[in-house]
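# Need coordinates for the below:
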Amino acid sequence: MFIIRKITDDIFANFVDIEEALSFLNIKNKDLLDSRLCDFFSEKEIDTINSFKNFKVQKEWISSRFCVKKLFNSLKNVDFKKIVVLKKKSGAPYIENFENFTISISHSFNFATSALSLDEEKRVGIDIEDITQKRDWDKIKKIAFSNAEILSIKNELENYYKSWTIKEAFSKYIEKSFFVSLKEIEVIGNNVYYKNKICEDIKVVSDMLQKKYIFSIIFGKK
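Modelled structure (predicted):
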């Protein structure tokens with residue numbers, strides 16, 4: 001159900017099929033009756049889950065947090081209920097009482113993912129996208145890509161998705177995912193530029209998952 005990947009000695013990622021996670025937690029519908037949430041989530045978290053009116057939002061929230069819990073539990077052996085994901089004012093997630101370890105969360109259609117840095121001096125950002133879904137790339141290009149990027153991508157669909165996930169991962173890495181224009185983040189060749197300046201102190205890892213999803217992880221010094 002979980003796919004944990006070691007990216008470096010201190011950077012890890014976890015991937016989970018949302019429906020499989022819900023099945024494991026015995027969640028069948030929005031009322032959550034007979035679910036196993038109490039085994040893994042705190043009372044406060046369950047109150048948050050119950051506050052969502054939309055079942056899709058509820059499922060994404062549960063699966064992404066469960067993904068973080070499983071990853072952190074596997075690496076640090078902390079009780080699931082004590083792994084509580086909160087958000088900063090910037091919208092960036094963090095684990096309550098473990099703020100020194102940075103995390104990042106993403107989901108796309110049927111998959112949720114999380115990334116974790118065990119190096120307290122590093123930040124991490126992650127994004128995942130389902131490349132089989134139809135998107136209006138002509139519209140997206142105008143909103144999110146510079147002319148230099150479009151030339152670099154060479155109109156190849158996989159390159160658009162790769163660049164898109166790198167942009168999103170970088171916006172999470174700098175903890176400004178809700179406050180930055182993706183056009184300010186340029187991905188040209190193997191380099192990432194932010195506000196026209198090359199980002200030399202980061203590393204980028206992009207890969208495919210199950211031949212259907214592409215993900216990117218960015219990490220570097222805080």
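
# gap between the two ends of stretch 32-45?
13 Å (Cα to Cα, to the nearest Å).

# Give the rounded mean pLDDT of that stretch.
What stretch 32-45 shows for mean pLDDT is 91.

# Look up phi and psi at Leu25.
Geometry field for Leu25 lists phi and psi as phi -80, psi 0, criterion degrees, to the nearest 10.

# how close does it sit to Asn159?
According to Cβ to Cβ, to the nearest Å, Leu25 and Asn159 sit 37 Å apart. Every C-beta, even on glycine, is put in place using the N, C-alpha and C of the backbone.

# These two - which one has more neighbours?
Neighbour totals were compared for Leu25 and Asn159, and Leu25 leads with 19 against 15 (other Cβ atoms under 10 Å).

# who's in contact with the closest residue in space to the more buried one that isn't next to it in sequence?
Once flanking residues are discounted, Leu25 sits nearest to Arg36: 4.8 Å by Cβ to Cβ, 6 or more residues apart in numbering. Taking Cβ atoms under 8 Å, 6 or more residues apart in numbering, we find Arg36 in contact with Phe24, Leu25, Asn26.

# what's the closest residue to Ser163 other than its chain neighbours in contact with, if anything?
The shortest distance from Ser163 to any non-neighbouring residue, by Cβ to Cβ, 6+ apart, is to Val187 (4.2 Å). With contacts defined as Cβ under 8 Å, 6+ apart, Val187 is in contact with Glu149, Ser152, Lys162, Ser163, Ile166, Lys167, Tyr193.

# what's the helix or strand for the fourth one?
Ser163 is located in helix 157-173, with elements delineated by DSSP states H and E.

# I'd like to know which elements that helix is packed against.
Judged by 3 or more Cβ pairs under 8 Å, 6 or more residues apart in numbering; DSSP states H and E, the packing partners of helix 157-173 are strand 103-108, strand 122-130, helix 137-144, helix 147-153, strand 185-188, strand 191-194, strand 202-209, strand 213-221.

# Pull the most distant pair out of the contacts of Val187.
Of all pairs drawn from the contacts of Val187, the widest gap by Cβ to Cβ lies between Lys162 and Tyr193 and measures 15.5 Å.

# Have a look at this structure and report the helix or strand with the lowest mean pLDDT.
Across the helices and strands of the chain, mean confidence by mean pLDDT, DSSP states H and E is lowest for helix 137-144: a mean of 90.

# quick one: contacts of that helix?
Helix 137-144 is contacted from outside by Ile150, Leu157, Tyr160, Trp164, Lys167, Leu182, Lys183, using Cβ under 8 Å, 6+ apart.

# Any idea how far that helix is from the middle of the chain?
Between the centre of helix 137-144 and the centre of its chain there are 22 Å (Cα atoms, centre = their mean, to the nearest Å).

# Dump the C-alpha coordinates for that helix into CSV.
Taking C-alpha atoms only, helix 137-144 is exported to CSV below (Å, rounded to 0.1, in the frame of the first residue of the first chain):
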residue,chain,number,x,y,z
TRP,A,137,-1.8,23.2,-21.7
ASP,A,138,-2.3,26.1,-24.1
LYS,A,139,-4.0,27.9,-21.2
ILE,A,140,-1.5,26.7,-18.6
LYS,A,141,1.5,27.8,-20.7
LYS,A,142,0.2,31.4,-20.7
ILE,A,143,-0.3,31.3,-16.9
ALA,A,144,2.7,29.4,-15.7
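
# List the buried residues in it.
Applying a neighbour-count criterion of 16 or more other Cβ atoms under 10 Å, one finds Trp137, Lys141, Ala144 buried in helix 137-144.
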